[in-house]
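# got a structure for you, letters missing:
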Ligand code: ARG
């Protein structure tokens, strides 16, 4: 389904998902109303607010780097009073034309759900919801690597929803308990690069999680604490380009050795809310590492 681009008041073009477009398609939300207005993870400190003008520049730079890498960027309309709507990774989990909508743990973010649902419906996705007492925070906690869906739980998403997600998408789901509050979403400590290849921060997982990741992902690159704290694992993969926050030189070396093109762009105003490159994006046509993408 294609729709004519509309213009939002803030000059945002409301172009929708196009299943016939072969480019990588990524949903972002301009940071017009972004800020740290509450504290729902250990990164957020209301007394250390982001610099708004700088956040806007950093967000525009990220958008540009992703476009340069070949992605088509689609935009969701920002909403006053929803400062975390910029983190579109949490809106839903996508599998082909199906979307499992987020059910946010914290009331502060629950107002986002209706806006996410509207955008996804308008873009032609079938929108599914879990029971209202089951929390699930979208692609922030659910990432395909090959045919397997890796899902983080405990800090934000509930393990209870994962069986239903596996049934709906007919895939194997591996539940990984997150044990460090600084790595509260799976995408802060695990990033699939390709089928069979991912980076991870081992200390964010329990022993079972580390063992299962080692067993199921043959090429698993560990990220040390200094770079994990720079959100090295919160990377966006577009083709062979991998985009991260600044301050991740070892990861960039590892990527270059494997034939990827690493790109850095400063996202420090967003790490103040506990998010970086990946959190600011939602891949709509399937992540590079998801096998279903090439079958699409
Ligand atoms: N402040 C947001 C929250 O705590 C940040 C979300 C980051 N998103 C992500 N996919 N890790 O919910």
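Yep, that arrived. Keep in mind it's a predicted model, so treat the numbers as computed, not measured.

# starting at the chain centroid, how far to stretch 21-41?
Averaging C-alpha positions (Cα atoms, centre = their mean, to the nearest Å) puts stretch 21-41 9 Å from its chain's average.

# Buried residues in it, which are they?
Buried residues in stretch 21-41, counted by 16 or more other Cβ atoms under 10 Å: 24-36, 40-41. Bear in mind the C-beta positions are built from the backbone N, C-alpha and C, glycine included.

# now, which of these lie within strands?
Members of the buried residues of stretch 21-41 lying in strands (criterion: DSSP state E): 25, 26, 27, 28.

# Let's have these in TSV, adding pLDDT and distance to the ligand.
TSV is the format used below for those (pLDDT from 0 to 100; distance: Cβ to the nearest ligand atom, whole Å):
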residue	pLDDT	distance to the ligand
25	97	18
26	98	14
27	98	13
28	98	13
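
# The stretch 101-250 of the chain: strands as residue ranges?
In the stretch 101-250 of the chain, the strands defined using DSSP state E, counting those that start in this stretch lie at 126-128, 142-145, 148-153, 173-177, 190-194, 197-200, 219-222, 236-238, 241-244.

# I'd like those strands as TSV, with mean neighbour count, mean pLDDT and distance to the ligand appended.
Below are those laid out as TSV (neighbours: other Cβ atoms under 10 Å; pLDDT from 0 to 100; distance: least, Cβ to the nearest ligand atom, whole Å):
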stretch	mean neighbour count	mean pLDDT	distance to the ligand
strand 126-128	15	98	19
strand 142-145	26	98	10
strand 148-153	23	98	10
strand 173-177	19	98	14
strand 190-194	24	98	11
strand 197-200	23	98	15
strand 219-222	16	98	19
strand 236-238	24	98	11
strand 241-244	25	98	14
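
# of all these, which lies closest to residue 167?
strand 173-177 (9.3 Å; Cβ to Cβ).

# Spell out which residues of the chain are next to the ligand.
40-41, 44, 84, 87, 89-90, 109, 140, 185, 187-188, 273-275, 279 (Cβ under 6 Å from any ligand atom).
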